[in-house]
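Chemist: could you work out the structure for the sequence below:
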Amino acid sequence: MQAYKLNATIDESGHLIIDEPLNIAPGKVEVIILQPVPSLETSTEPQPEKPKRKSKVKAFEGLFENAPPTPPDFDPDQARWEALNEKHNL
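Modeler: Down below sits the predicted model:
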């Protein structure tokens, strides 16, 4: 399959409107729609400051500052088991 990146709009009735002419041979195509989602950074509300993550290794000092926070239900033992299970086909 050949991939094309185009700009398009979805109107109020749900129809897809392609904003530019296409130079593609006629026939069936598969359409994948990627819709941008508003990010938290573009919000007008002030964001709470992220706590700095410290590292004892100097080479890793700035590495964790932009990393997403760990979810509250994260279980490190379960993550280790899943990684080992996948690696060794257990």
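Chemist: where do the helices of this structure begin and end?
Modeler: Per DSSP state H, the chain carries helices over the ranges 76-88.
Chemist: where does the prediction get shaky in it?
Modeler: Along the chain, segments meeting pLDDT under 70 span 40-53.
Chemist: so which residues of it form strands?
Modeler: 8-10, 16-18 (DSSP state E).
Chemist: the residue of the chain positioned farthest from its centre and residue 19, how far apart?
Modeler: Within the chain, residue 26 marks the point farthest from the mean C-alpha position, 32.4 Å out by C-alpha atoms, centre = their mean. Distance of residue 26 to residue 19, computed by C-beta to C-beta, to the nearest Å: 20 Å. For every residue, glycine as well, the C-beta is placed using N, CA and C.
Chemist: can you list the neighbours in contact with stretch 11-18?
Modeler: Stretch 11-18 is contacted from outside by 6-10, 31, 33, using C-beta atoms under 8 Å, 6 or more residues apart in numbering.
Chemist: pull that stretch out as PDB, backbone CA atoms only.
Modeler: Extracted as PDB, the C-alpha positions of stretch 11-18 are listed here (Å, rounded to 0.1, in the frame of the first residue of the first chain):
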ATOM      1  CA  ASP A  11     -18.300  18.900   8.500                       C
ATOM      2  CA  GLU A  12     -21.300  19.100  10.900                       C
ATOM      3  CA  SER A  13     -23.100  16.200   9.200                       C
ATOM      4  CA  GLY A  14     -20.100  13.900   9.600                       C
ATOM      5  CA  HIS A  15     -18.900  14.000   6.000                       C
ATOM      6  CA  LEU A  16     -15.200  13.900   5.200                       C
ATOM      7  CA  ILE A  17     -14.100  16.800   3.000                       C
ATOM      8  CA  ILE A  18     -10.600  16.600   1.500                       C
END
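Chemist: buried stuff in it?
Modeler: Neighbour-count burial for stretch 11-18 flags no residue at all (criterion: 16 or more other C-beta atoms under 10 Å).
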